[in-house]
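A.B. asks: I would like to see how this sequence folds:
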Amino acid sequence: MNFKIEIPDESIRQALINKIDNLNKPKGSLGRLEELALQIGLIQQSLTPSLAHPCHLLFGGDHGIEREHVSASPRDVTWQQMINFTQGGGGVNMFCRQHGFKLRIVDMGVDHDLSAFSDIINRKIARGTANFRYEPAMTEAQFNQAIHTGAELVDRCAEEGCTIISLGEMGIANTSPSSIWMSIFGKLPLKDCIGAGSGLNSEGIRHKLEVLQASLDNFQAQNYQPIDAIRYFGGFEMVGAIGAMLRATERHMVILVDGFIMTACMLAASQLYPEILAYAVFGHCSNEGGHRDMLNLMNAEPLLSLNLRLGEGTGALCSYPIIDSSIRMMNEMNNFDNAHITKYF
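C.D. replies: Predicted coordinates for the structure are as follows:
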């Protein structure tokens, strides 16, 4: 795995600030919109940044740890929802239609034969990961395949002119690896990183903690690097998303980050390449336990907090109009000189 990830060139920063400050408004009066415009201008190295051909990649995969009953939903829900997405009936479908995103549905490792559905891109690595309570979730070869697949799909979007990419997931039990990554990379007690997922009660959360703590104890008996923790616990859909994030950064695309799972993927990616955070816009803080703390690990301030916990990338998609407004501000608002308004600061 070798990506060329660089912090955006800062030489354009002052010119961007000057343009934003000279729009016909009180300085700083458009708050986060001004911050977003500056960030996206830096990413694109342009005083007239644009949002073109937005794409949403939805990665699906099953998890061996689901066999330990750490989720309120059975794994069959993964493939059933993947089929539902092909029929346009999911939350992700609705928001993609609303905001003009091209949706690509990707089978990274669903435990079901989805080959009959032409709208699902078949990149199946295996029918779910191994159970990380007892062994690594994936082999090194499978990890590399997942990373490469995510990168390849971003390349396809970029070739269509995409400048902003949103990522989502479908995988029952994927809050479990997310919680473990948060604990490892944030150096936090595991109990502070676990929530209800798709609807566990208090007894279910207690059991989930017990299972995940045993898994983590087995892993921490080894010497490891961040990439080892990603491979040992991650799902195919999650590692695919990390590959997509890394390639999008290489291509100077805006990365729109969704809720708990995708934030965990960005946290993991930032352990490999810290520079990636300059390209990330965090769309939403969910009500999954620990999400706010995980955002804090990256000094990330999400655009929305709507108590969503659906996944699929829906929170990120809901935030898109705010990002669009920041770009419209940059490109469509007049400045003081052209509007013949006295600059009063």
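A.B. asks: going forward, measure contacts and count neighbours with C-alpha atoms only.
C.D. replies: Fine.
A.B. asks: domain parsing for this protein?
C.D. replies: Domains of the chain are assigned by the TED database as 12-49+329-339, 55-322.
A.B. asks: nearest to Ile5, out of the ones you listed?
C.D. replies: Across the domains of the chain, Ile5 has its closest neighbour in domain 55-322 (5.6 Å, CA to CA).
A.B. asks: list the contacts of Ala141.
C.D. replies: By CA atoms under 8 Å, 6 or more residues apart in numbering, the contact set of Ala141 is empty.
A.B. asks: roughly how far apart are it and Asp155?
C.D. replies: Distance of Ala141 to Asp155, computed by CA to CA, to the nearest Å: 21 Å.
A.B. asks: same check, this time on Ala248
C.D. replies: Taking CA to CA, one finds Ala248 at 8 Å from Asp155.
A.B. asks: these two: which has the busier surroundings?
C.D. replies: Counted by other CA atoms under 10 Å, Ala248 and Asp155 do not tie: Ala248 has more neighbours, with 28 against 17.
A.B. asks: what segments of the chain are helices?
C.D. replies: 13-21, 31-44, 76-86, 91-99, 140-159, 175-186, 202-220, 226-233, 236-250, 260-272, 291-297, 314-332, 336-339 (DSSP state H).
A.B. asks: how far out from the middle of the chain is the fourth one?
C.D. replies: What it means is helix 91-99. Distance, stretch centre to chain centre, for helix 91-99: 17 Å (CA atoms, centre = their mean, to the nearest Å).
A.B. asks: packing partners of it?
C.D. replies: strand 102-109, helix 314-332 (3 or more CA pairs under 8 Å, 6 or more residues apart in numbering; DSSP states H and E).
A.B. asks: CA atoms of the first one as CSV?
C.D. replies: Backbone C-alpha positions of strand 102-109 (Å, rounded to 0.1, in the frame of the first residue of the first chain) are rendered in CSV as follows:
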residue,chain,number,x,y,z
LYS,A,102,-24.4,9.2,-8.4
LEU,A,103,-24.8,6.1,-6.2
ARG,A,104,-22.5,3.1,-6.6
ILE,A,105,-23.4,0.1,-4.6
VAL,A,106,-20.4,-2.2,-4.0
ASP,A,107,-20.4,-5.8,-2.7
MET,A,108,-17.0,-6.0,-0.9
GLY,A,109,-17.9,-9.2,1.1
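A.B. asks: residues in contact with that strand?
C.D. replies: Contact with strand 102-109 is made by 53-62, 82, 85-86, 93, 96, 114, 119-129, 146, 236-237, 240, as judged by CA under 8 Å, 6+ apart.
A.B. asks: compute the inter-axis angle for it and helix 91-99.
C.D. replies: Strand 102-109 runs at 160 degrees relative to helix 91-99, counting by axes from the mean of the first three to the mean of the last three CA atoms, to 10 degrees.
A.B. asks: and strand 102-109, how far out from the chain's middle?
C.D. replies: On CA atoms, centre = their mean, the centre of strand 102-109 falls 14 Å from the chain's centre.
A.B. asks: in that strand, what counts as buried?
C.D. replies: Lys102, Leu103, Arg104, Ile105, Val106, Asp107, Met108, Gly109 (16 or more other CA atoms under 10 Å).
A.B. asks: equivalent analysis for the longest one, please.
C.D. replies: Buried residues in helix 314-332, counting neighbours by 16+ other CA under 10 Å, are found at 314-320, 322-331.
A.B. asks: point out where the protein drops to low pLDDT.
C.D. replies: Residue ranges of the chain with pLDDT under 70: 196-198, 221, 336, 339-340, 342-345.
A.B. asks: ok, now with 90
C.D. replies: Applying pLDDT under 90 to the chain picks out residues 1-2, 24-26, 72-73, 194-206, 218-224, 286-290, 307-311, 334-345.
A.B. asks: contact partners for Glu135?
C.D. replies: By CA under 8 Å, 6+ apart, Glu135 lies in contact with Tyr232.
A.B. asks: ok, so what distance separates it from Phe219?
C.D. replies: For Glu135 relative to Phe219 (CA to CA), the value is 9 Å.
A.B. asks: and if you look at Leu23?
C.D. replies: In terms of CA to CA, Leu23 sits 54 Å off from Phe219.
A.B. asks: repeat for Asp21
C.D. replies: 51 Å.
A.B. asks: ok, residues contacting stretch 299-313?
C.D. replies: Residues contacting stretch 299-313 (CA under 8 Å, 6+ apart): 58, 91-92, 166-170, 197-198, 257-259, 261, 281-288, 295, 315, 319, 322.
A.B. asks: let's see 7 Å
C.D. replies: 58, 92, 167-170, 258-259, 282-288, 315, 319 (CA atoms under 7 Å, 6 or more residues apart in numbering).
A.B. asks: distance of Gly89 relative to Gln80?
C.D. replies: According to CA to CA, Gly89 and Gln80 sit 11 Å apart.
A.B. asks: nearest spatial neighbour of Asn335, skipping sequence neighbours?
C.D. replies: Leu23 (4.0 Å; CA to CA, 6 or more residues apart in numbering).
A.B. asks: what's the closest non-adjacent residue to Met245?
C.D. replies: Closest to Met245 by CA to CA, 6+ apart is Ile255, at 6.8 Å.
A.B. asks: okay, now that neighbour: neighbour count?
C.D. replies: Neighbour tally, Ile255, other CA under 10 Å: 26.
A.B. asks: check the gap between Val206 and Ser71 for me.
C.D. replies: Check again: residue 206 is Arg, not Val. 12 Å.
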